[in-house]
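**Student:** predicted coordinates and the sequence they were generated for:
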Amino acid sequence: MDTSSEPLSTSEPCPVSLPVSLRAWREIDSYADEWFLPWENLRYFFLKSGYKLYYGRSRGEFCEPPVWSPPAVDSFDLCGARQDFQGPRLKMTPVMMAARDRCVVPRAMKPASELLLSSYNRDVVIKIVAKGEDGMKELEILQYINSEPLRSDPRNATVPVLEFLQYQDWWFAVMPRCDQSDELPFRDASECLEFAEQMLSDVSNENILLNHRGELPPTFMYCPEADFPYVNIWPPHPWRSTFPVRYLFIDFGYSCRFPPHTPLSECRVIPRFGTRVHRPAEMSQNGSCNPFAVDVYQTARLFYGWFAVRTFCSFYLLMQTSDCGSGPQDVIHCTPGFPRLLQDMTSFNPARRPSAAEALDRFHAVRSLFPKDQLHEVHEYAIWRFPLVPRPHWVTLRDLFECKQWYLAYEYTRFVLKDW
């Protein structure tokens, strides 16, 4: 990659100014001016390590590539067309910054014994992980799941860490830049069901990527004669079905590691405050909770929020082109046994929720029941909200009583009787 457009000092710059703590870095307002300043102060360090950072822009979470040229076609075995893919503006957060890897570093910046780095020109993401002991748990988990034999295990559905970088007592993880799992709506039921099976084998859509980096199919076109010049393309172009899609997890900041063979019932953690609307009730209560039961609950809420509501475009065009009473309502309610599985996974009583392995076994059974002739019917599914999974009133009351939530049971009974 050409770095000649920017003059670079060949001498070590002055000591950089960084946030005083990991928490201070995480709490930087991404919409404030110069939210990217800590990264800019480390530009020289990352350049010496072979990474040329994107450039942050004020008043927003976006950053721009160091050169407006397509990233390398061969990029960590990720799918996607990149020949004509101009480096777009990327949405980042204060704790993550995009970069191009293995840029050509001027020899004057490297010791004489080191050779120039070859120009791979691949998109990567650099994440701040730890400072001293703060954040060390996430660093250890990342190192663990990226060590052998776990890294080579085909069941390891995490974004690989390419390398760890250390600057003083700060630790950074470098990972391939992947596309978000929710870049485009799901196009049909088969894509929804494939996603569900992989997710059951943190759970939140913003923490799920897929093995793709490159151009996305257009979702609208310009029609000057229309009432609104930009109209949605229907049917939408295929995307997930055009490559062997694999979903990958990121972000282990709140993860815990338990000793091998620990019974699930004995795995307890103190919940941290969170703002996700699909978190279970025990995350807001005093005392410890079972993190695996929390994941099962959030997975079910994610599935219901994503698969039970079609996009407005899909619903509107279905109304215009077919009988309102024909065709599938949605993936959830057209799959016998799927609603009941999601009800069990979102029980108010964590002890009643199935484990992820049990949920996967049940899902394998219900997936085969989806009508085969409707698997590839186009009905866009996008995630807008996280509605509660409906359940009979008596089931909710039973769970509340089992958890000794007397006041909630009383208020819920009042609500049901009033609504009745």
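**Tutor:** Noted; the coordinates are in hand.
**Student:** please make it C-alpha for all contacts and neighbour counts, starting now.
**Tutor:** Fine.
**Student:** would you agree Tyr254 is in contact with Glu138?
**Tutor:** Yes. Counting by CA atoms under 8 Å, Tyr254 touches Glu138, with 7.4 Å between them.
**Student:** neighbour count winner among these two?
**Tutor:** More neighbours surround Glu138 than the other of Tyr254 and Glu138, with 19 against 12 (other CA atoms under 10 Å).
**Student:** nearest spatial neighbour of that one, skipping sequence neighbours?
**Tutor:** Take Glu138 and drop its neighbours on the chain: the residue closest to it by CA to CA, 6 or more residues apart in numbering is Gly253, 5.2 Å away.
**Student:** again, but for Leu360
**Tutor:** Leu200 (5.5 Å).
**Student:** give the contact list for that neighbour.
**Tutor:** When contacts are counted by CA atoms under 8 Å, 6 or more residues apart in numbering, Leu200 touches 299, 356-357, 359-360.
**Student:** can we see that at 10 Å?
**Tutor:** Shown in contact with Leu200 (CA atoms under 10 Å, 6 or more residues apart in numbering): 295-296, 299-300, 355-361, 363.
**Student:** in JSON lines, list those residues along with secondary structure and distance to Asn146.
**Tutor:** JSON lines is the format used below for the contacts of Leu200 (DSSP: H, G, I helix; E, B strand; the rest coil; distance: CA to CA, whole Å):
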{"residue": "Asp295", "secondary structure": "helix", "distance to Asn146": "22"}
{"residue": "Val296", "secondary structure": "helix", "distance to Asn146": "24"}
{"residue": "Thr299", "secondary structure": "helix", "distance to Asn146": "24"}
{"residue": "Ala300", "secondary structure": "helix", "distance to Asn146": "28"}
{"residue": "Ser355", "secondary structure": "coil", "distance to Asn146": "25"}
{"residue": "Ala356", "secondary structure": "helix", "distance to Asn146": "22"}
{"residue": "Ala357", "secondary structure": "helix", "distance to Asn146": "23"}
{"residue": "Glu358", "secondary structure": "helix", "distance to Asn146": "26"}
{"residue": "Ala359", "secondary structure": "helix", "distance to Asn146": "26"}
{"residue": "Leu360", "secondary structure": "helix", "distance to Asn146": "25"}
{"residue": "Asp361", "secondary structure": "helix", "distance to Asn146": "27"}
{"residue": "Phe363", "secondary structure": "helix", "distance to Asn146": "29"}
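**Student:** turn those residues into a markdown table, including neighbour count and pLDDT.
**Tutor:** Formatted as a markdown table, the contacts of Leu200 follow (neighbours: other CA atoms under 10 Å; pLDDT from 0 to 100):
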| residue | neighbour count | pLDDT |
| --- | --- | --- |
| Asp295 | 20 | 89 |
| Val296 | 27 | 93 |
| Thr299 | 25 | 91 |
| Ala300 | 26 | 92 |
| Ser355 | 18 | 91 |
| Ala356 | 19 | 90 |
| Ala357 | 12 | 89 |
| Glu358 | 11 | 93 |
| Ala359 | 20 | 93 |
| Leu360 | 19 | 92 |
| Asp361 | 14 | 93 |
| Phe363 | 20 | 94 |
